[in-house]
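Student: Sequence and predicted structure are below.
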Amino acid sequence: AKKTAALERARALARAAADGSSERPDNESVAANPGPGPVSGQGSDFQAKKATALDRARALARAAADGSSERPDSGSVGANPGPGPASGQGSDLQDTKARSEDGQDRARRAFEEEKARKKSALERARAKALVAANGSPDRPASDTLGSNPRLGGDLQDAKARSEAGQDRARLAFEEEKARKTMALERAKAKALAAANGSSDPPASDSLGSSPGLSLGRGQGSDCQDAQARSDDGQDRARRAFEEEKARKAMALERARAKARAAGDGSSDRPASDSLGSNPKVVGAREAVSGGALHDAKAKSEAGHDRARRAFEEEKARKASALERARARARAAASGSDGLGLGPNPGLGLGRGRGRGLGFGGFGSWQQGLGGGRGFGGAPQDLGLSPGILVRLDGLKARPELNGCVGTLISLDKAKGRWQVRLEDCREDMLFKEDNLHAVSVDEYEAAQAQAARMDAHLADKLRCPNEHGMVVEIADEVYECDVCEADIDVHTKLLYCQRCDHAICETCSVEMLRKEAMKINK
């Protein structure tokens, strides 16, 4: 019923506004539809309250339209009490108005306080800006900020807290400044000590002369502790550096002693006591533990022993090669016109370049074209047995091996072939008995001497294109003949000029020697 009545009133007000009439609709027209059973007394009271509220609203609207800030009094509002308001309704309106005015007063006071606070903050900011512009460290007085008496206590508290924070920041800044000044003083003192050649660290008292170190008693103790820790770290670093320096000096002394011993031809290693003449080594012995030194010494000695053995083996190998070369030179100096047997006879023959027509290779076994004869041309029947020397002959699959010398190892009965170990060959080979001819030791040695003389004869007769002397060598790698451009296999003899790096294979050397002989005969 209440909602229906309110709806009717709203419709009536809308119609009145549309007609341009400011009169309110009477209660009878509004109450024409009382709704579903409202009580008559309740309806009249409700209508009176609504009418009074509507009159107040209209009065306030008129006052706002007239530009007056005064609120309409209760008498003017109550002049038109509406259709029969009860006496208790006026007191309710007065209470509501009083509460509304109290709320407005509180809001106004809060607004004034906020405005005063912002104004005070603006005044402080302006005062700080003026102080910064004038360069004065004095802070603005609190009296200039006290225009609002209600905010005096809060401003004083905020000022006290701000000053306390600034004091703490200033104290921390002074401590950091003093610490950096002390570090700078220590660095300068160390630089002066290093320039004067003194290794002693500067005393702590010498660092306190700077006026920037005016700290309190507690701060001074902290600086002293920090300086003590820094000095301890520097001492540890200095000791580590001295130990490393002494260790290197000891190693250098050992190396020098070994070099002196090697120069004197003595194989004895220098005693450990001979390294103690250097004071740096003495310091190292005090710094480094004895167990570590002994372990390092044992490892070093083992490495030196291995190096010494390798050096001795290489030296013995070179000495053996030198002895073999001298023996060949002595055999060549004895003089002989016969053909000889080298360490790899027959290599280079049967490769499509001829057999030398009687001159043979560097160590050819053949005399003439007979392959099944002995050294003197007469056949010999020494018999085949393990351990004797044999010469290969009559090979068709491997003609380059004809004339090579080897030692019989054993007879492979299953294959019917002899196992032969040839000179300068890494693996043993199997040959038929028909291709093997026994050679006596005397004949072998004579053939070796003849081969050496043949090599010397070739080296003496032949020259490189630049007329340099050439030597007979054994190829330790694959070379290329500078005459026929053929490959010279490993372990094959060749003529070589060391001055112009000119190499001649075995076949070309024999051919060149034959041509020289033909020129002499003409």
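Tutor: Thanks, I have the structure now. Residues are numbered from 1 along each chain as shown.
Student: avg pLDDT for the helix or strand containing residue 510?
Tutor: Assigned by DSSP states H and E, residue 510 belongs to helix 506-521. Taken as a whole, helix 506-521 carries a mean pLDDT of 76.
Student: Give the buried residues for that helix.
Tutor: For helix 506-521, burial by neighbour count (16 or more other CB atoms under 10 Å) applies to 506-513. Placement of C-beta: from N, CA and C, glycine included.
Student: where does the stretch 151-300 of the chain have low pLDDT?
Tutor: 151-154, 197-223, 265-291 (pLDDT under 70).
Student: 50 instead?
Tutor: Along the stretch 151-300 of the chain, segments meeting pLDDT under 50 span 204-217, 266-268, 270-277, 279-282, 284-285, 287-288.
Student: Could I get the full set of helices for it?
Tutor: 152-196, 217-263, 279-287, 290-334 (DSSP state H, counting those that start in this stretch).
Student: Which secondary structure elements does the longest one sit against?
Tutor: Using 3 or more CB pairs under 8 Å, 6 or more residues apart in numbering; DSSP states H and E as the contact criterion, the secondary-structure elements in contact with helix 217-263 are helix 152-196, helix 279-287.
Student: now the ones you listed as JSON lines including distance to residue 471 and mean neighbour count?
Tutor: Shown next, in JSON lines, are the helices and strands packed on helix 217-263 (distance: least, CB to CB, whole Å; neighbours: other CB atoms under 10 Å):
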{"stretch": "helix 152-196", "distance to residue 471": "65", "mean neighbour count": "13"}
{"stretch": "helix 279-287", "distance to residue 471": "52", "mean neighbour count": "16"}
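Student: Columns distance to residue 400 on top of the ones you listed, output as a markdown table?
Tutor: As requested, the helices and strands packed on helix 217-263 are exported to a markdown table (distance: least, CB to CB, whole Å):
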| stretch | distance to residue 400 |
| --- | --- |
| helix 152-196 | 78 |
| helix 279-287 | 64 |
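Student: To residue 122, which of those helices lies closest?
Tutor: In terms of CB to CB, the element of the helices and strands packed on helix 217-263 nearest to residue 122 is helix 152-196, at 13.1 Å.
Student: For residue 229, the count of nearby residues, please.
Tutor: Using other CB atoms under 10 Å, residue 229 has 10 other residues around it.
Student: One more: residue 101?
Tutor: Residue 101 has 11 nearby residues by other CB under 10 Å.
Student: list the helices and strands the host helix or strand of it packs on?
Tutor: Assigned by DSSP H and E, residue 101 belongs to helix 88-134. With contacts taken as 3+ CB pairs under 8 Å, 6+ apart, helix 88-134 sits against helix 40-66, helix 74-78.
Student: rank those by pLDDT, which is bottom?
Tutor: helix 74-78 (a mean of 49).
Student: Can I get the helix holding residue 510 as PDB, trimmed to CA atoms?
Tutor: C-alpha atoms of helix 506-521 as PDB (Å, rounded to 0.1, in the frame of the first residue of the first chain):
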ATOM      1  CA  GLU A 506     118.700 -46.400 -57.900                       C
ATOM      2  CA  THR A 507     117.800 -47.200 -61.500                       C
ATOM      3  CA  CYS A 508     118.600 -43.700 -62.800                       C
ATOM      4  CA  SER A 509     121.900 -43.700 -60.900                       C
ATOM      5  CA  VAL A 510     123.000 -46.900 -62.600                       C
ATOM      6  CA  GLU A 511     121.900 -45.500 -66.000                       C
ATOM      7  CA  MET A 512     123.800 -42.300 -65.400                       C
ATOM      8  CA  LEU A 513     126.900 -44.300 -64.400                       C
ATOM      9  CA  ARG A 514     126.700 -46.400 -67.500                       C
ATOM     10  CA  LYS A 515     126.500 -43.300 -69.700                       C
ATOM     11  CA  GLU A 516     129.600 -41.900 -68.000                       C
ATOM     12  CA  ALA A 517     131.500 -45.200 -68.600                       C
ATOM     13  CA  MET A 518     130.500 -45.100 -72.300                       C
ATOM     14  CA  LYS A 519     131.800 -41.500 -72.600                       C
ATOM     15  CA  ILE A 520     135.200 -42.600 -71.000                       C
ATOM     16  CA  ASN A 521     135.500 -45.600 -73.300                       C
END
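Student: for it, packing partners?
Tutor: helix 441-461, strand 493-497.
Student: go with 6 Å
Tutor: Where contact means 3 or more CB pairs under 6 Å, 6 or more residues apart in numbering; DSSP states H and E, helix 506-521 is packed against helix 441-461.
Student: Now the element after the helix it packs on, going C-ward?
Tutor: That would be, after helix 441-461 and using DSSP H and E, strand 471-474.
Student: That next one pairs with which strands?
Tutor: Partners of strand 471-474 in the sheet, by DSSP bridges, are strand 493-497 (antiparallel).
Student: Regarding this protein, what is its longest strand?
Tutor: Ordering each strand of the chain by length in residues (DSSP state E) puts strand 405-412 first.
Student: Now do it: everything it contacts.
Tutor: 386, 388, 390-391, 418-423 (CB atoms under 6 Å, 6 or more residues apart in numbering).
Student: in it, what counts as buried?
Tutor: Result for strand 405-412 [16+ other CB under 10 Å]: buried residues 405-406, 408, 411.
Student: pLDDT on stretch 439-453, on average?
Tutor: 73.
Student: What residues of it count as buried?
Tutor: Of the residues in stretch 439-453, 439, 443, 446-453 count as buried by neighbour count, 16+ other CB under 10 Å.
Student: Over to stretch 417-431?
Tutor: In stretch 417-431, counting by 16+ other CB under 10 Å, buried: 417-420, 422, 429, 431.
Student: Name whatever forms a beta bridge with residue 463.
Tutor: residue 469.
Student: Next, work out how far apart it and residue 396 are.
Tutor: Between residue 463 and residue 396 the computed distance is 37 Å (CB to CB, to the nearest Å).
Student: Also residue 509?
Tutor: Where residue 396 is concerned, residue 509 sits at a distance of 25 Å (CB to CB).
Student: before we move on, what about residue 244?
Tutor: Remark: distance between residue 244 and residue 396 (CB to CB) = 74 Å.
Student: out of the two, which sits in the more crowded spot?
Tutor: A direct count of neighbours by other CB under 10 Å for residue 244 and residue 396 places residue 244 higher, at 13 against 8.
Student: about what we covered before: could you tell me the angle between the helix holding residue 510 and strand 493-497?
Tutor: 70 degrees (axes from the mean of the first three to the mean of the last three CA atoms, to 10 degrees).
Student: Using the record, which stretches count as separate domains in the chain?
Tutor: 2-86, 335-521 (automatic domain parsing).
Student: shaky segments in the stretch 301-450 of the chain?
Tutor: Applying pLDDT under 50 to the stretch 301-450 of the chain flags the ranges 335-361, 363-381.
Student: In contact with residue 386, which residues?
Tutor: Residue 386 neighbours (CB under 6 Å, 6+ apart): 408, 410.
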